[in-house]
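Engineer: Just the structure for this:
(2 chains)
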Amino acid sequence: MKDIIRKIVLDAAQKAFETGEFPSDHVPEMEIEEPKHSSQGDFSTNFAMVSASVQKMAPVKIAQRLVSFIPATGLIEKIDIAGPGFINFFLSNTAWHPVVNQILEQDEAYGRSDMGKDAKVQVEFVSANPTGPLHVGHGRGAAVGDSVGNILSFAGFDVQKEYYINDSGRQIRTLGTSVWLRLMEKSGQRIEFPDDCYQGDYIKDFAQQILEKEGLEFVKKDAAEGIAVCAEFAATKILEGIKEDLIDFGVQFDHWFSEQSLYDSGRVQDAIDMFRKKELIYEKDGALWFKTQAFGDEKDRVVVRNNGLTTYFASDIAYHREKYERGFDKVIDVWGADHHGYINRINASVVASGRKSEQFEVILVQLVNLLRDGKPFQMSTRAGEFVTLKDIVSEVGKDAARFMFLSRSYDSGLDFDLELAKKKNSENPVYYVQYVHARITGILLKAVESQIIEDIDFNTGKHLELLIEEEEINLLKILHSFGEQVEKSASTLHPHVIFTYLMTLAAAFHGYYNKHKVITDHVEQTQARLSLVLGVKKVIRNGLRLLGISAPERM
RNA sequence: GCCCCCGUAGCUCAGUGGAUAGAGCAUAGGAUUCCUAAUCCUUGUGCGCAGGUUCGAUUCCUGCCGGGGGCACCA
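Structural biologist: Okay, here's the model as predicted:
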């Protein structure tokens, strides 16, 4: 619709120039926007204001001349010139009616966009170390990453969702040591359990499982060998658990990528050699350093320590290099805010590889404060006191949990109150949106059962011209803007845009529902209204799907 | 000290280079013989402070203040 208005303005400006009313045919960048107040029309443009210097006329005068060149159509009811020179367009009711048929025809595809032009995008998220179960912070990252992937896909990008498994390095050895020591303990030995080992009870469970599987002989093994077996066993089990927890949370990855595979295939060494040849990696104090400072980082970073061990940064360089070699035009990493210091160095390695800075983006998700009745939980993997994602999903449900994570911008910290998320009343707005879907399902069922209309056509809107109530036109406008909101959400990578939209649509529907009956004795009007609410139902479903939240038929 | 995020209504948060800054919760009152009251309607207060850019700044820039997070040859 905005494009139509824009074309009308441009055509009028061209005619005004051709007839000599405008001295210039130059059109500066202008905006077609939706004013906040209905008294300012459905659409508004600042054309006259931005053209003032070009046309060497007062904005109001430009506006008046422009409007005189806009032909009368059934689309526009009236045009006002207001304030400092805004041109306000008031559309006729009939301009909005076609949206119902667009929704019914396009159905699950309604709201799709081709703005992505099939560009290949990878969204990597969660990527938690397989050293313990996922906790609430991972849940927020999972909800954000999954939804961003869904939204980008809906907006026409070719999306792959990936999980990077940090199955190499020190934390895995620490995991093995932790299990090994618990095993020693179970075999009767007195041990000192270090603070830097994983403290959770799940470590003891693994020790018990290994004991049952391998028998007491196992503890007589060489420590290094025993630790390796423990690490392998525990990491595998934990990863299985992570996969299950994510599926229960509604998240499915297209690809799981192993860090260890980068070492096994020699890609880490290849990357180091390549950058060394380019003199972007150099030796100092017995270690190898990457010149990240030359690309905007605060200082250069170590990739190989003086003890010969590689750092995480080394495999991350190889990993990101590998991503682009797989053909992704853009790579998006979803990280917790506590990793923000890492952005510059990864970005440096990406740019050093010849990629453009815009091809790499980090979504930094701020931290979650978990509360119960307003009181904070302390969460620390090492101390073993955490509330897992699994706990949260089983306590409050997948939908409520995802709602909490997606209801606000990830740029802000999030207070997640378990008791609030559990409430099945109006304090918990996830139901507010889902209820619309269930309510409309009820109306449609009732319409079929009451047989007020024979052969209700749910594929084509009929008698839409009878939708004339203020609340109906308002709903149509909101339904119309869904695609635009999808594009906004995709271009800003902010899923909460979709949630805010759904809340607006839900509020408009509930208000309409309470004021007007859908099913009445007026058959044509009933058919029109059924089509309208069916359209609302489909858009609610499409929106909720982007967020990974279910759309229940009944509640 | 440096870096990132945030500072908008009593609370939790949306929002925008423009014309009258919104929603939920909380508070108070009201609506259901009728498609699900997990709903609706009515009722107040607000852009942390100071400069700058601009015709116009709550929005962009700088500084300050306040809150959170991060600054390893850790992961």
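
Engineer: Go ahead and confirm A:R305 touches A:T311.
Structural biologist: Yes - the pair A:R305 and A:T311 qualifies as a contact (CB atoms under 8 Å) at a distance of 6.4 Å. (Glycine included, C-beta is placed from N, CA and C.)

Engineer: which of the two has more neighbours?
Structural biologist: Shown here are A:R305 and A:T311; by other CB atoms under 10 Å, A:T311 has more neighbours (18 against 13).

Engineer: what's the distance between the more buried one and A:G169?
Structural biologist: Using CB to CB, to the nearest Å, A:T311 is found at 9 Å from A:G169.

Engineer: Also A:T131?
Structural biologist: The gap separating A:T131 from A:G169 is 10 Å, by CB to CB.

Engineer: residues touching A:I210, list them.
Structural biologist: The neighbours of A:I210, taking CB atoms under 8 Å, 6 or more residues apart in numbering as the test, are A:V179, A:L183, A:F218, A:V229, A:C230, A:F233.

Engineer: Can you tell me which of those has the most neighbours?
Structural biologist: So for these (other CB under 10 Å), the most neighbours sit at A:V179, 30 neighbours.

Engineer: what residues does the helix or strand hosting it touch?
Structural biologist: A:V179 is located in helix A:170-186, with elements delineated by DSSP states H and E. Here helix A:170-186 makes contact (CB under 8 Å, 6+ apart) with A:129-131, A:166, A:191, A:193-194, A:196-198, A:203-204, A:206-208, A:210-211, A:218-219, A:223, A:226-235, A:238.

Engineer: Could you do stretch A:239-254 as well?
Structural biologist: By CB under 8 Å, 6+ apart, stretch A:239-254 touches A:126, A:128, A:130, A:133-134, A:139, A:142-143, A:145-146, A:160-163, A:165, A:167, A:388-390, A:393, A:398, A:401-402, A:548.

Engineer: what do you get for stretch A:442-452?
Structural biologist: By CB under 8 Å, 6+ apart, stretch A:442-452 touches A:453, A:456, A:458, A:518-519, A:521, A:523, A:526, A:530, A:533-534, A:537, A:554.

Engineer: run the last query once more with 7 Å
Structural biologist: The contact list for stretch A:442-452 (CB atoms under 7 Å, 6 or more residues apart in numbering) reads A:I453, A:I456, A:V518, A:I519, A:V523, A:T526, A:L530, A:V533, A:L534.

Engineer: Rebuild those as JSON lines, extending it with pLDDT.
Structural biologist: Shown next, in JSON lines, are the contacts of stretch A:442-452 (pLDDT from 0 to 100):
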{"residue": "A:I453", "pLDDT": "74"}
{"residue": "A:I456", "pLDDT": "74"}
{"residue": "A:V518", "pLDDT": "95"}
{"residue": "A:I519", "pLDDT": "93"}
{"residue": "A:V523", "pLDDT": "90"}
{"residue": "A:T526", "pLDDT": "93"}
{"residue": "A:L530", "pLDDT": "94"}
{"residue": "A:V533", "pLDDT": "96"}
{"residue": "A:L534", "pLDDT": "96"}
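
Engineer: Buried only: go through those for me.
Structural biologist: When the contacts of stretch A:442-452 are checked for burial by 16 or more other CB atoms under 10 Å, the buried set is A:I453, A:I456, A:V518, A:I519, A:T526, A:L530, A:V533, A:L534.

Engineer: Filtering these by proximity to RNA strand B, which remain?
Structural biologist: Contacts with RNA strand B within these, counted by CB under 7 Å from any atom of the strand: A:V518, A:I519.

Engineer: about what we covered before: please identify the buried residues of the helix holding A:V179?
Structural biologist: For helix A:170-186, burial by neighbour count (16+ other CB under 10 Å) applies to A:171-172, A:174-184.

Engineer: Counting neighbours, what do you get for A:H26?
Structural biologist: If you count neighbours by other CB under 10 Å, A:H26 ends up with 11.

Engineer: and it, what does it touch?
Structural biologist: With contact set as CB under 7 Å, 6+ apart, A:H26 has these partners: A:V54.

Engineer: ok, back up a step: which among the buried residues of helix A:170-186 gets closest to RNA strand B?
Structural biologist: Ranked by distance to RNA strand B (CB to the nearest atom of the strand), the buried residues of helix A:170-186 are led by A:Q171 at 4.0 Å.

Engineer: Name the spans of the stretch 401-550 of chain A whose pLDDT lies under the cut-off.
Structural biologist: A:426 (pLDDT under 70).

Engineer: go again using 50 as the cut-off
Structural biologist: Within the stretch 401-550 of chain A, no stretch has pLDDT under 50.

Engineer: Where do the helices of it begin and end?
Structural biologist: Ranges of helices in the stretch 401-550 of chain A, per DSSP state H, counting those that start in this stretch, are A:418-422, A:430-450, A:470-480, A:482-492, A:496-515, A:523-547.

Engineer: A:K291 touches A:K278, doesn't it?
Structural biologist: No - A:K291 is beyond contact range of A:K278, at 9.5 Å (criterion: CB atoms under 7 Å).

Engineer: neighbour-wise, which of those two wins?
Structural biologist: A direct count of neighbours by other CB under 10 Å for A:K291 and A:K278 places A:K291 higher, at 18 against 11.

Engineer: what pLDDT does that one get?
Structural biologist: The score at A:K291 is 95. That number is its pLDDT.

Engineer: Spatially nearest residue to it, not counting backbone neighbours?
Structural biologist: Excluding the flanking residues, the one nearest A:K291 by CB to CB, 6 or more residues apart in numbering is A:L280, at 5.0 Å.
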